[in-house]
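1. just coords:
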């Protein structure tokens, strides 16, 4: 044991830098961990924004195409009422319908016309049940009104009559 006062005062000072160094190392580790969390959060936000933008692009025409559905229905009704397959009226209606369907299809719209298919409540709305020869129970007998999808999302279900279960 020395009686040197300088030596005694240096011992606590020597301990402080070690504790301070450990505290700084712990703080650096904490900041690095927080940086990784922040980077992951930023990447998740970027992906979410990209997904939202993609959905906005895919479904931007939803309102417009939904407004055109009665026009498609009217063209179907007009074509059903014209008996003569070679009449200029029928040919004009068919051409107009084809052009509209092409424009709608180019914008992601698809027709749901499930005649003869199994009833699917995700895409079809049953308005009645009926009897039909040669049609399995639970399958569509008649399509009363076509349904439509927009990029895989249901725009309007098909209105159908389904074969009755026995």
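-> Here it is on my side, so go on. Source: prediction; values computed, not measured. Numbering: from 1, shown residues only.

2. quick one: the helices in this protein?
-> In the chain, the helices defined using DSSP state H lie at 5-58, 62-81, 88-106.

3. buried stuff in the last one?
-> Looking back up the chat, that one is helix 88-106. 90, 93, 97, 104 (16 or more other CB atoms under 10 Å). For the C-beta atoms, the positions are set from N, CA and C on the backbone; glycine is no exception.

4. In those residues, find the pair that's most separated.
-> 90 and 104 (20.8 Å; CB to CB).

5. before we move on, the earlier item: quick one, which of the helices of the chain is nearest to residue 137?
-> Nearest to residue 137, of the helices of the chain and by CB to CB, is helix 62-81 at 27.3 Å.

6. Compute the mean per-residue pLDDT across the closest one, please.
-> Helix 62-81 carries an average pLDDT of 93.

7. do stretch 142-150 as well
-> Mean predicted lDDT for stretch 142-150 stands at 95.

8. Contacts for that stretch next, please.
-> Here stretch 142-150 makes contact (CB atoms under 8 Å, 6 or more residues apart in numbering) with 58-59, 61-62, 65, 69, 72-73, 76, 108-115, 123-125, 127, 130, 154-161.
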